[in-house]
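Asks: Below are the sequence and a predicted model; questions follow.
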Amino acid sequence: MKKKQKSVSYAKWGYIFIAPFFITFFIFSCIPLVDTIRNSFYEYYNSGLKVIGPNWVGFQNYLALAASDLPKYMWNTFVMWILGFVPQIVVALVLAAWFTDERMRIHGRQFFKVVIYLPNLIMASAFAMLFFTLFSNGGPVNSILVNAGIVSEPIRFFETTFGTRAIVALMNFMMWFGNTTIMLMAAIAGINPSLFEAAQLDGCTHSQMFFKITLPLIKPILSYTMITSLIGGLQMFDVPQILTNGQGGPNRTTMTLIMLLNSHLKSKNYGMAGALSVYLFIISGILCFFVYRMMMDDGSKPKKAKKGAKA
């Protein structure tokens, strides 16, 4: 009688290889998340040299934040994200479509890819100091405008709400449009060229091919870009922090949610910081869900039959 061959299972090696990631994720992400949620239900802060708490206060921290200027800071964050993201996605789509279009025959594509991506490698602190120097009252931008006769006196960019928000948005646009362009170029390059050739033979224009073929087929990457950009926008901190010296001026119109969180952490008010972190987690989850549903809704669900329709 022949002996049965012992089957070898290689599935366990897969679990062994991915185990370090899940262990690291559990230690450095899950445990801090649970601890942050726990702190949000406690009164826990420093009053001089005296430590108050931790004392259980329930949802009092959440109610105190909702009654404060939290909606204003949320609006500031959203406005600056929109001002930076809209031109970012438009310019990235245009550049990605140009550089992947074989009919345009653009030479030196690899060089342009490197140049487009370079701003993403510059530290936010260096970028902020550069823009602060450029747009200061006696900076190069004002000097050029005054000498050219466009304005009679220097524009005080950092003393107006729109000026400061626009500079923050411009910096975010300059830092991240290259990364978005590279991702969209990769997505478009993955589309079967025969689809474009067939559309061209059928007489489709460039705009028709872009809106009817390119955009629908890169929806997954577009949704990923929007979700990651939305999360990054809610976490906006370094640029306005450095540009306004942490004050969120003028009149706290550039104070973001993470800057508010940082102020609570600096004052060691861990209860309020935990509650604000939970608010951010919930807001991010809700907005990302709606963005995903909006972007990935391809109309494939069967429509309900109208009443009175014939069988």
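Replies: Cool, got the structure.

Asks: switch to C-alpha atoms for all contacts and neighbour counts from now on
Replies: OK.

Asks: Show me the shaky parts of this protein.
Replies: The chain contains residues with pLDDT under 70 at 1-9, 297-311.

Asks: Go ahead and flag the most central residue of it.
Replies: Centroid-nearest residue in the chain, with CA atoms, centre = their mean: Ser229, separated by 2.0 Å.

Asks: Tell me which helix or strand the closest residue to that residue other than its chain neighbours sits in.
Replies: Among residues not flanking Ser229 along the chain, Phe85 sits closest, at 7.5 Å (CA to CA, 6 or more residues apart in numbering). In this structure, Phe85 sits in helix 70-99 according to DSSP states H and E.

Asks: Report the buried residues of that helix.
Replies: For helix 70-99, the buried set under the neighbour-count rule, 16 or more other CA atoms under 10 Å, comprises 70, 72-81, 83-85, 87-89, 91-93, 95-97, 99.

Asks: Now do the buried residues in whichever helix or strand comes after that helix.
Replies: Towards the C-terminus, the helix or strand next in line after helix 70-99, according to DSSP H and E, is helix 109-117. Buried positions in helix 109-117, judged by neighbour count with 16+ other CA under 10 Å: Lys113, Ile116, Tyr117.

Asks: mind listing the helices for the stretch 201-311 of the chain?
Replies: Secondary structure of the stretch 201-311 of the chain by DSSP state H, counting those that start in this stretch: the helices cover 206-209, 215-217, 219-234, 238-243, 257-266, 270-296.

Asks: What are the buried residues along the longest one?
Replies: Within helix 270-296, the residues that qualify as buried are 270-280, 284, 288, 291-292, 295, counting by 16+ other CA under 10 Å.

Asks: what do you get for the first one?
Replies: For helix 206-209, a neighbour-count test (16+ other CA under 10 Å) marks Met209 as buried.

Asks: contact partners of that helix?
Replies: Outside of helix 206-209, the residues within contact range by CA atoms under 8 Å, 6 or more residues apart in numbering are Phe196, Ala199.

Asks: could you redo the last one with a cut-off of 10 Å?
Replies: Residues from elsewhere that reach helix 206-209, judged by CA atoms under 10 Å, 6 or more residues apart in numbering: Asp101, Leu195, Phe196, Ala199, Gln200, Gly203, Lys212, Ile213, Thr214, Leu215.

Asks: ok, of these, which come out buried?
Replies: For these, a neighbour count by 16+ other CA under 10 Å gives the buried set as Phe196, Ala199, Ile213, Thr214, Leu215.

Asks: Pull the most distant pair out of those residues.
Replies: Distances among the buried ones among the contacts of helix 206-209 were taken as CA to CA; the most separated pair is Ala199 and Leu215, at 14.4 Å.

Asks: pretty sure Tyr44 belongs to a helix, no?
Replies: No - judged by DSSP: H, G, I helix; E, B strand; the rest coil, Tyr44 forms no part of a helix; its state is strand.

Asks: show me what contacts it?
Replies: Contacts of Tyr44 were listed using CA under 10 Å, 6+ apart, and they are 51-57, 268-274.

Asks: would you turn these into CSV with distance to Thr36?
Replies: Listed next are the contacts of Tyr44 as CSV, based on distance: CA to CA, whole Å:
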residue, distance to Thr36
Val51, 18
Ile52, 17
Gly53, 15
Pro54, 13
Asn55, 15
Trp56, 14
Val57, 15
Lys268, 13
Asn269, 12
Tyr270, 8
Gly271, 9
Met272, 10
Ala273, 8
Gly274, 5
